[in-house]
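Asker: Dropping the sequence and predicted coords here.
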Amino acid sequence: MFRFEDPAYLYLLISLPLLILIRMYGLRKRKKQLKEFGDILLVKELMPNVSGGRRELKFWLMLAAVALIVVMLARPQMGTKISQDKRQGIEVMIALDISNSMKAEDVAPSRLDKSKMMIENLVDNFTDDKVGLVVFAGDAFIQLPITSDYVSAKMFLQNIDPSLIASQGTNLAEAVGLSSRSFTKQDNVGRAIIVITDGEDHEGGAVEAAKQAKKNGMRVFVLGVGSTKGTPIPDGNGGYMKDNTGQVVMSALNEEMCKQVAEAGGGAYIHVDNNNLAQRQLDNEISKLQKGDIMNVVYSEYDEQFQAVGILLIIILIVETIVLESKNPLLRKVKLFK
């Protein structure tokens, strides 16, 4: 497993775009100054030994060197020794609805963004537990296999968007079924499926899937996001989505369906709105699950990898030193750069 011991240094990479902007400003200013001497083509002919390509190459080499120095400061490491770590925890599969209706903004900032915030807060409270992520609309697929790597969970969570699934709709049954098949084979571990949706079950079969999950020793919790009154769905262009007749599509939370699925799955239904009550209710329900022995594969020893980065840095600096801004008179006929 690859990691950075001091990842905070990686924020220094933000300075690279700034350096590029400074470089562009400098080139623009230099070009303006050359125009004051006369025609640019004529000025270039008067400076035959000056190479713009060489200056460009030297800049990008120095930029790469800065990036490598930042990487070295962050201390890249590679795991070398694997050990099994037994902990007391639970397993949670989260099924997140990413259909277009989750773009509705009756819950701030939107149904989908609010759901992602709740998931992140839930993961923050995990210590020795495992979590996985399923996304669904007309179809369902595993976004993140069940894991104890919470950093990866948050990273995958941030990349979730309705565009991930082309088939629109809300296939709750497939989401619950896929989630129930995604747990580990360990015994005596509390397992929960958390479905986050606006409850529009377009395909049917969700109640039956929840009953089967309960029969297999899992509990199905449903978080209903949005308002039951209905709200338009932003189309991303400043307007709202419309149906084939030109009417604005209104999306409303189907609480009745959500409650039926939660009851069939032996869990609880929680309504998500603009306050934090739903988060507390969810945390409380999850804390009731039975904790069991969970085996985690962990890296107990790491080797520093900055040496390889350092060698590459030295090579880049040597090349940058060798490449001169002016053409070598002895090699003037060799046109590697314009």
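Answerer: Perfect, I can see it now. Numbers count the residues shown, from 1 in each chain.
Asker: Doesn't Met78 belong to a strand?
Answerer: Yes - counting by DSSP: H, G, I helix; E, B strand; the rest coil, Met78 is part of a strand.
Asker: ok, what's across the strand from it?
Answerer: Phe2, Asp303 (DSSP bridges).
Asker: Isn't it up against Phe2?
Answerer: Yes - between Met78 and Phe2 there is a contact at 5.6 Å, judged by C-beta atoms under 8 Å. (Each C-beta comes from the backbone N, C-alpha and C, glycine too.)
Asker: those strands in the chain, which residues are they?
Answerer: Here the chain has its strands, by DSSP state E, at 2-4, 76-89, 91-97, 130-136, 140-147, 191-197, 218-225, 231-232, 250-251, 266-272, 292-304.
Asker: Would you mind putting those strands into a markdown table with mean neighbour count, distance to Leu282 and mean pLDDT alongside?
Answerer: Output for the strands of the chain, formatted as a markdown table (neighbours: other C-beta atoms under 10 Å; distance: least, C-beta to C-beta, whole Å; pLDDT from 0 to 100):
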| stretch | mean neighbour count | distance to Leu282 | mean pLDDT |
| --- | --- | --- | --- |
| strand 2-4 | 13 | 30 | 78 |
| strand 76-89 | 14 | 17 | 70 |
| strand 91-97 | 26 | 10 | 96 |
| strand 130-136 | 25 | 13 | 95 |
| strand 140-147 | 18 | 18 | 94 |
| strand 191-197 | 27 | 7 | 96 |
| strand 218-225 | 26 | 7 | 96 |
| strand 231-232 | 18 | 23 | 94 |
| strand 250-251 | 18 | 22 | 92 |
| strand 266-272 | 20 | 6 | 95 |
| strand 292-304 | 14 | 20 | 63 |
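Asker: Export those strands to a markdown table and append columns for distance to Glu36.
Answerer: Output for the strands of the chain, formatted as a markdown table (distance: least, C-beta to C-beta, whole Å):
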| stretch | distance to Glu36 |
| --- | --- |
| strand 2-4 | 48 |
| strand 76-89 | 48 |
| strand 91-97 | 60 |
| strand 130-136 | 59 |
| strand 140-147 | 58 |
| strand 191-197 | 63 |
| strand 218-225 | 62 |
| strand 231-232 | 57 |
| strand 250-251 | 62 |
| strand 266-272 | 64 |
| strand 292-304 | 52 |
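Asker: closest to Ile316 out of those?
Answerer: Minimum separation from Ile316 across those (C-beta to C-beta) falls at strand 76-89, 16.7 Å.
Asker: Where does the prediction get shaky in the stretch 1-150 of the chain?
Answerer: 1, 34-35, 37-52, 79-86 (pLDDT under 70).
Asker: Next: the stretch 151-300 of the chain.
Answerer: 201-202, 293-300.
Asker: all helices for it, in order.
Answerer: 172-180, 206-215, 255-264, 277-287 (DSSP state H, counting those that start in this stretch).
Asker: Buried deepest among these, which one?
Answerer: With neighbours defined as mean count of other C-beta atoms under 10 Å, the helices of the stretch 151-300 of the chain peak in mean count at helix 172-180, which reaches a mean of 26.
Asker: mind saving the C-alpha coords of that helix as CSV?
Answerer: Extracted in CSV, the C-alpha atoms of helix 172-180 (Å, rounded to 0.1, in the frame of the first residue of the first chain):
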residue,chain,number,x,y,z
LEU,A,172,-34.5,0.3,-5.1
ALA,A,173,-34.8,-3.4,-5.3
GLU,A,174,-31.5,-3.8,-7.2
ALA,A,175,-29.8,-1.4,-4.8
VAL,A,176,-30.8,-3.4,-1.7
GLY,A,177,-30.1,-6.7,-3.4
LEU,A,178,-26.6,-5.7,-4.5
SER,A,179,-25.8,-4.2,-1.1
SER,A,180,-26.9,-7.4,0.6
